[in-house]
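this one's sequence-less:
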């Protein structure tokens, strides 16, 4: 369990709940042997085929013994290991020069040789966003789903989840995640649109969305989830950054149940940079987005197509010393009676990140009616060290019964929470 006492700052109540990376949590990922240089007077066979032929050379007793030892070695680390081995062997069948009739055990052993474990959150667990849990039955406060960016070896980012609750007094608790973790199956792929599905029997904290496409090869970064309301239906969308290792592009997740997901690229001038955030409902019959496609300022964009975004109009520019380098959004706007509450981040001297907020007009969000002159949250003296020093950052907050619940990351390493009374925050912004 996590500590849940709070300490009071001049404005936000920072909770001493720290969500840290756990290197013991692993998923199975495809292993594809790198080809070796062509050798003189040597038959040019791929490494995969050579491994395959070595397994074929084993007698059946040796196959069964080795498979049993592999299962014993990885017992308790993954669910349905034999099914995973089977699927991987089927995926690799196209790499083999021949396809003899194989026993079930030999087929599974082949799959085992072309997998490896990956500790997906060994280095960091940060940049969280938060949405109400679709199942609120039996809760006394506010149940939520937290998404977080997990980073492992090679600085590869994936998406993972936690669940938790906000008590009536504002205390935040996080449920212990499942020990096991798994990646989804790809159920459809059409162009740059991909559909994914997890085992419905799995817990949400087991589910990890790892890079799938070439555009995502080095990471799925900074998902900004929002519970989008349209005609009485709730759909959870998340804008995120796909990083290939050389280039970035904005993409979109879509899910109704956090079991099945659809992902697709976002297009247009407004989608050519990081940090897009979707409003939680249509405005004037159109989708609305906050974006920063010029690396410096925030824009309001309307669109009739969820996947196409034009240039929009600038609504916020750096104005205070703590945001002179650039500003950006910190998740989707929160709808209040008084307007749209948008958390922002600012970058100041020595790339020091801080979190602020603005209030946008309810009917016309291009109008800024309130803005924080000073940072609301800055890295505390004890929280400045980490993978990227001097950074506080969030990908989304949630309002619950007159209180804002704000998860945020510390120095790109771990995550924590703060809460603030909505009325007090609005008073500050309006003043």
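Received, thanks. Here the structure is a predicted model, which is why all the values come from computation and not from measurement.

C-alpha only now, for contacts and for neighbours.
Fine.

Out of the helices and strands in this structure, which is least certain?
Least confident helix or strand, the chain: strand 6-8 with a mean of 37, by mean pLDDT, DSSP states H and E.

next helix or strand past that strand?
strand 13-15 (DSSP states H and E).

Look up which residues are beta-bridged to the spatially most central residue of the chain.
Central residue of the chain (CA atoms, centre = their mean): residue 159, 3.4 Å from the mean position. Beta bridges link residue 159 to residue 149, residue 209 when assigned by DSSP bridges.

Wait, it touches residue 129, no?
No: applying CA atoms under 8 Å, one finds residue 159 not in contact with residue 129, separated by 11.0 Å.

hey, what's in contact with both of these two?
Common neighbours of residue 159 and residue 129, using CA atoms under 8 Å, 6 or more residues apart in numbering, are 147, 148, 223.

Looking at these, state which has the most neighbours.
residue 148 (32 neighbours; other CA atoms under 10 Å).

any idea how far it is from residue 154?
Plainly put, residue 148 is 18 Å away from residue 154 if you go by CA to CA, to the nearest Å.

Same check on residue 408?
23 Å.

Please say which of those two ends up with more neighbours.
Neighbour totals were compared for residue 408 and residue 154, and residue 408 leads with 28 against 8 (other CA under 10 Å).

So which bits of stretch 163-170 are buried?
Of all the residues in stretch 163-170, those buried under the rule 16 or more other CA atoms under 10 Å are 163, 164, 165, 166, 170.

Check stretch 277-290 too.
277, 278, 279, 280, 281, 282, 287, 288, 289, 290.

Pretty sure the first one sits against residue 329.
Yes: at 7.2 Å, residue 277 and residue 329 qualify as touching, with contact defined as CA under 8 Å.

what is in contact with those two at once?
With CA under 8 Å, 6+ apart, residue 277 and residue 329 have common neighbours 290, 291.

pretty sure residue 311 contacts residue 270?
Yes: using CA under 8 Å, residue 311 makes contact with residue 270 at a distance of 4.8 Å.

joint contacts of the two?
293, 301.

Looking at the two, which has the bigger crowd around it?
Using other CA under 10 Å, the more surrounded residue of residue 311 and residue 270 is residue 270, with 25 against 18.

Give the helix, strand or coil label for the more buried one.
Secondary structure for residue 270, judged by DSSP: H, G, I helix; E, B strand; the rest coil, is helix.

Then residue 52?
With three-state DSSP as the basis, residue 52 sits in helix.

residues contacting it?
Counted by CA under 8 Å, 6+ apart, residue 52 has contacts 96, 110.

What helix or strand is residue 424 located in?
Counting by DSSP H and E, residue 424 is found in helix 422-430.

pLDDT on that helix, on average?
For helix 422-430, mean pLDDT is 95.

Touching that helix from outside, list them.
357, 358, 359, 369, 370, 371, 372, 399, 402, 403, 404.

residues of that helix that come out buried?
422, 425, 426, 429.

Which one of the residues you listed is nearest to residue 12?
Nearest to residue 12 among those is residue 425, at 9.2 Å by CA to CA.

contact partners of stretch 369-385?
Residues contacting stretch 369-385 (CA under 8 Å, 6+ apart): 11-12, 320, 322, 353-361, 390-392, 410-411, 428-431.

What about these, which are in strands?
Mapping the contacts of stretch 369-385 onto strands (DSSP state E) picks out 353, 354, 355, 356, 357, 358, 359, 360, 392, 410.

any chance of the residues you listed in TSV, with neighbour count and pLDDT too?
Converted to TSV, the ones in strands among the contacts of stretch 369-385 look like this (neighbours: other CA atoms under 10 Å; pLDDT from 0 to 100):
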residue	neighbour count	pLDDT
353	25	97
354	23	97
355	27	97
356	24	97
357	24	97
358	23	98
359	26	98
360	23	98
392	27	97
410	27	96
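
And those, which two are furthest apart?
360 and 410 (27.1 Å).

between the helix holding residue 424 and strand 353-360, what angle do the directions make?
For helix 422-430 against strand 353-360, the angle by axes from the mean of the first three to the mean of the last three CA atoms, to 10 degrees is 90 degrees.

What is the lengthiest helix in the chain packed up against?
Longest helix in the chain by number of residues (criterion: DSSP state H): helix 60-73. Contacts defined by 3 or more CA pairs under 8 Å, 6 or more residues apart in numbering; DSSP states H and E place helix 60-73 against helix 104-113.

Mind doing that once more with 10 Å?
Helix 60-73 makes packing contacts with helix 47-56, helix 81-92, helix 104-113 when contacts are defined by 3 or more CA pairs under 10 Å, 6 or more residues apart in numbering; DSSP states H and E.

who touches the closest residue to residue 81 other than its chain neighbours in this structure?
Closest residue to residue 81 apart from its sequence neighbours, by CA to CA, 6 or more residues apart in numbering: residue 71 at 7.5 Å. Going by CA atoms under 10 Å, 6 or more residues apart in numbering, residue 71 touches 77, 81, 82, 109, 112.

before we move on, which element is the residue lying closest to residue 161 once chain neighbours are set aside in?
Once flanking residues are discounted, residue 161 sits nearest to residue 147: 4.5 Å by CA to CA, 6+ apart. With elements taken from DSSP H and E, the one containing residue 147 is strand 142-152.

residue boundaries of the strands in the stretch 251-400 of the chain?
260-265, 277-278, 287-291, 298-303, 313-316, 326-329, 334-336, 339-347, 353-360, 368-371, 392-393, 398-400 (DSSP state E, counting those that start in this stretch).

number of nearby residues for residue 74?
For residue 74, using other CA under 10 Å, the count is 10.

cool, residue 23 as well?
14.

List the contacts of residue 293.
Contacts of residue 293 by CA under 10 Å, 6+ apart are 269, 270, 271, 272, 273, 274, 275, 276, 299, 310, 311, 312.

do the same with residue 60
Residue 60 neighbours (CA under 10 Å, 6+ apart): 66, 103, 105, 106.
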